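A.B. asks: Predicted model, plus sequence, below.
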Amino acid sequence: MSTLDWEAGTVKGSWRGLVLPVAALAVWWIVSRGAQAGHGVMVSPAQVWDTAVEQVRSGALVRALSASLARELTGFAIGTGLGLALGALLGISKLANRAIAPSFNTFKQVSLFAWIPLISVWFGLGDVAKVVFLSLAALVPVVMHTSDGIRAVPVNWLDVARAYRYGRLQTLAYVVLPAALPSIFTGVYLALIYSWLATLGAEYLLVAGSGIGNTLVDGSEQFRMDLVVFGVIVVGLTGWALNALARGVQRRWFETSRAA
Amino acid sequence: MANALTRVFLPAYRARRTLPGDTLRSIGWTALPWIVPIALALLWMTGSRYGWISAQVLPPPALVFETLGALLKNGELWIHVWASMTRAAVGFGGGVALGILLGGLLGLSRTFEAYVLPSFNAIVQVPVLGWLPFLMIVVGIGEPLKYLLIGHAALVPVTLSTLQGFRGTPRALQEVAAVYRYSRWQVIARVTLPSAIPVIGTGVRLAFTKAWLTLVVVELVASSEGLGYLIVYGRQLFQLDLVLAAVLIVGAIGYAADRLLNVFERRLQRGRSV
């Protein structure tokens, strides 16, 4: 189900994919020239470029982006770690699954961002609150995919392990873990994407400190479209880079794990 | 599948049927899922009774339910629920309709796909929340902002699943259609679309989850009514009972809608095997 994300049918290396963006850019350029007087909303590509240069030169971009990424990765690491532990528990122990899974599934249904006001009361508006929220965002998909992956280990594999008189740990290390790995990785991959989304949300809603989300909010509050467009592009590129990174790791891992 | 694991890890379970404490065990098994929520509720109640938790940090459950009851009684809740549901319905409905249209076009025409899909993928790289400040400047903070963002959140999964579903038409069905000399439209209406429906259904369910999530965020950021606004309002007044009551309602509606769509999706999937 989660493979539904932006992968379906990618056409490779075709100039036709460039037609639309180039046309949009041209229209934007022409319209912004025509409406030079209409300030505010209609900024020209050149203005955005100037803002980009200024943001990069002054170091504001690096500061904002590194703050955001540090948060994102901390939350991601904590959430993934806890998620792997909880997911493994739910996958391995039928008792734990019966006791915890229904509560967890109900909790999962509450829209994630609805927790932000409560988190802000409990943890303030600073980095702690944001990291708590990001961990929560990363935790959910990891738990789901880890426990599903472990529970879906083929029965006959376990029978083979039994025939070889594998101990509990041996079965886990040599049978359950390799079989569940692809699903676990999907969970981690989703966690990375979710925590990036959550980073933006946390920076909008827990407004303190710096970050790329704050750049966007500032731009929108000061009615500086050039800054907002620049921010949107940076957010898109960062998301794309995280995505590409995860996909690259996935590809490498699967090749080796299949060969083994 | 889980049985297989318990067979390996907990061999005693195999002999369960013959144990004398069988009924006791099955009662325990039925009660098991309730232990965690009940324990948490008890902890919360005793905690606030004896003042371990300050009411400023976590109000006692009784107060939360009292607030919930008051909201229900004076009808204020319905105004907010209605506002949120309208937004969700317009945005989600529009997003799903456009997503099926766009995904269908992408699925049917390789040329259209070559022109449009790369741009679509590029736009998708920016999370819904990234567009929020941009759209705030362009369309303001009124209702259109909410419709657009919720619609966008719903559009993406529906488009991708429709594309996937349209491409996944079984070859055998296509051949039968060719034998019957179906026209292009007949093929779409009677073969491609019906065989894609289960995949689209999965996308629609995912779309609702995303739309509901987006609704809450948008209302938290910019709105003067709706469930998200209720949460922000309660937070500003430091009335955490109000916040918790609103969170409960958001969760309950999200849960109910997900169940409903799940039933719907199952029904669609059952239709496939026939």
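C.D. replies: Okay, I see it. Numbers count the residues shown, from 1 in each chain, chains lettered A, B, ... in the order given.
A.B. asks: only C-alpha atoms for contact and neighbour calcs from this point on.
C.D. replies: OK.
A.B. asks: A:Ile233 versus A:Gln47, what's the distance?
C.D. replies: Per Cα to Cα, to the nearest Å, A:Gln47 is found 14 Å from A:Ile233.
A.B. asks: Name the residue in those two with the higher neighbour count.
C.D. replies: The neighbour count for A:Gln47 versus A:Ile233, taken as other Cα atoms under 10 Å in any protein chain shown, is higher for A:Ile233 (18 against 14).
A.B. asks: check contacts around the residue nearest to the spatial centre of chain A.
C.D. replies: In chain A, the C-alpha nearest the mean C-alpha coordinate belongs to A:Ile193, at 1.5 Å (Cα atoms, centre = their mean). A:Ile193 is in contact with A:Gly239, A:Leu242, A:Asn243, counting by Cα atoms under 8 Å, 6 or more residues apart in numbering or on different chains.
A.B. asks: Mind checking which of the residues you listed are buried?
C.D. replies: Neighbour counting with 16 or more other Cα atoms under 10 Å in any protein chain shown marks A:Gly239, A:Asn243 as buried within the contacts of A:Ile193.
A.B. asks: Give me the residue ranges of the chain where confidence is low.
C.D. replies: This is for chain A. A:1-14, A:35-41, A:254-260 (pLDDT under 70).
A.B. asks: Chain B, not that one
C.D. replies: For chain B, residues meeting the criterion pLDDT under 70 lie at B:1-20, B:270-274.
A.B. asks: all helices for it, in order.
C.D. replies: For chain B, applying DSSP state H gives helices covering B:2-9, B:22-49, B:61-73, B:76-108, B:110-125, B:128-139, B:143-167, B:171-179, B:184-187, B:193-221, B:227-236, B:240-273.
A.B. asks: List phi and psi for B:Glu225.
C.D. replies: Main-chain dihedrals, B:Glu225, degrees, to the nearest 10: phi -150, psi 170.
A.B. asks: ok, for the residue in the stretch 51-200 of chain B positioned nearest to chain A, nearest residue in space, not its chain neighbours?
C.D. replies: Proximity to chain A, evaluated over the stretch 51-200 of chain B using Cα to the nearest Cα, is greatest for B:Val126 at 4.1 Å. Once flanking residues are discounted, B:Val126 sits nearest to A:Gly236: 4.1 Å by Cα to Cα, 6 or more residues apart in numbering or on different chains.
A.B. asks: what's the one you found in contact with, if anything?
C.D. replies: Taking Cα under 8 Å, 6+ apart, one finds B:Ala122, B:Ile123, B:Gln125, B:Val126, B:Pro127, B:Gly130 in contact with A:Gly236.
A.B. asks: quick one on the thing from earlier: which SSE is the residue nearest to the centre of chain A in?
C.D. replies: Element membership of A:Ile193 [criterion: DSSP states H and E] is helix A:177-205.
A.B. asks: And that helix, how far out from the chain middle?
C.D. replies: 5 Å (Cα atoms, centre = their mean, to the nearest Å).
A.B. asks: buried residues in it?
C.D. replies: Using 16+ other Cα under 10 Å as the test for burial, helix A:177-205 gives A:177-205.
A.B. asks: a markdown table please, covering the contacts of A:Gly236 and showing neighbour count.
C.D. replies: Formatted as a markdown table, those follow (neighbours: other Cα atoms under 10 Å in any protein chain shown):
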| residue | neighbour count |
| --- | --- |
| B:Ala122 | 15 |
| B:Ile123 | 16 |
| B:Gln125 | 21 |
| B:Val126 | 20 |
| B:Pro127 | 22 |
| B:Gly130 | 26 |
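A.B. asks: quick revisit: which of the helices of chain B sits most buried?
C.D. replies: Greatest average neighbour count among the helices of chain B goes to helix B:143-167 (a mean of 26), per mean count of other Cα atoms under 10 Å in any protein chain shown.
A.B. asks: Let me know the angle separating that one from helix B:193-221.
C.D. replies: In terms of direction (axes from the mean of the first three to the mean of the last three Cα atoms, to 10 degrees), helix B:143-167 departs from helix B:193-221 by 150 degrees.
A.B. asks: The nearest residue to B:Gly251 once chain neighbours are set aside - how many residues pack around it?
C.D. replies: Spatial nearest neighbour of B:Gly251, excluding adjacent residues (Cα to Cα, 6+ apart): A:Val110 at 4.0 Å. Residues contacting A:Val110 under the criterion other Cα under 10 Å number 22.
A.B. asks: And whichever residue of the stretch 151-260 of chain A sits closest to chain B, which helix or strand is it part of?
C.D. replies: Closest contact between the stretch 151-260 of chain A and chain B, by Cα to the nearest Cα, is at A:Gly236 (4.1 Å). Assigned by DSSP H and E, A:Gly236 belongs to helix A:225-259.
A.B. asks: The closest residue in space to B:Phe112 that isn't next to it in sequence and A:Ser111: what is the separation?
C.D. replies: Closest residue to B:Phe112 apart from its sequence neighbours, by Cα to Cα, 6+ apart: B:Leu106 at 5.9 Å. Counting by Cα to Cα, the gap between B:Leu106 and A:Ser111 amounts to 31 Å.
A.B. asks: so who does the residue nearest to B:Phe112 touch?
C.D. replies: By Cα under 8 Å, 6+ apart, B:Leu106 lies in contact with B:Phe112, B:Glu113, B:Val116, B:Leu117, B:Leu163.
A.B. asks: Grab the nearest non-local neighbour of the second one.
C.D. replies: Nearest non-adjacent residue to B:Glu113, counting by Cα to Cα, 6+ apart: B:Leu106, 4.8 Å away.
A.B. asks: And the one you found, how close does it get to B:Val96?
C.D. replies: In terms of Cα to Cα, B:Leu106 sits 15 Å off from B:Val96.
A.B. asks: can you check B:Leu129 too?
C.D. replies: Computed as Cα to Cα, the B:Leu129 to B:Val96 distance reads 19 Å.
A.B. asks: Equivalent analysis for B:Val247, please.
C.D. replies: Using Cα to Cα, we find B:Val247 at a distance of 26 Å from B:Val96.
A.B. asks: Ok, A:Gln109 next?
C.D. replies: A:Gln109 is 21 Å from B:Val96, where distance means Cα to Cα.
A.B. asks: Over to B:Ala39?
C.D. replies: From B:Ala39 over to B:Val96 the distance is 41 Å, taken as Cα to Cα.
A.B. asks: cool, B:Glu265 as well?
C.D. replies: Taken as Cα to Cα, the span from B:Glu265 to B:Val96 is 15 Å.
A.B. asks: same thing with B:Leu227?
C.D. replies: Look at B:Leu227 and B:Val96: by Cα to Cα, they are 23 Å apart.
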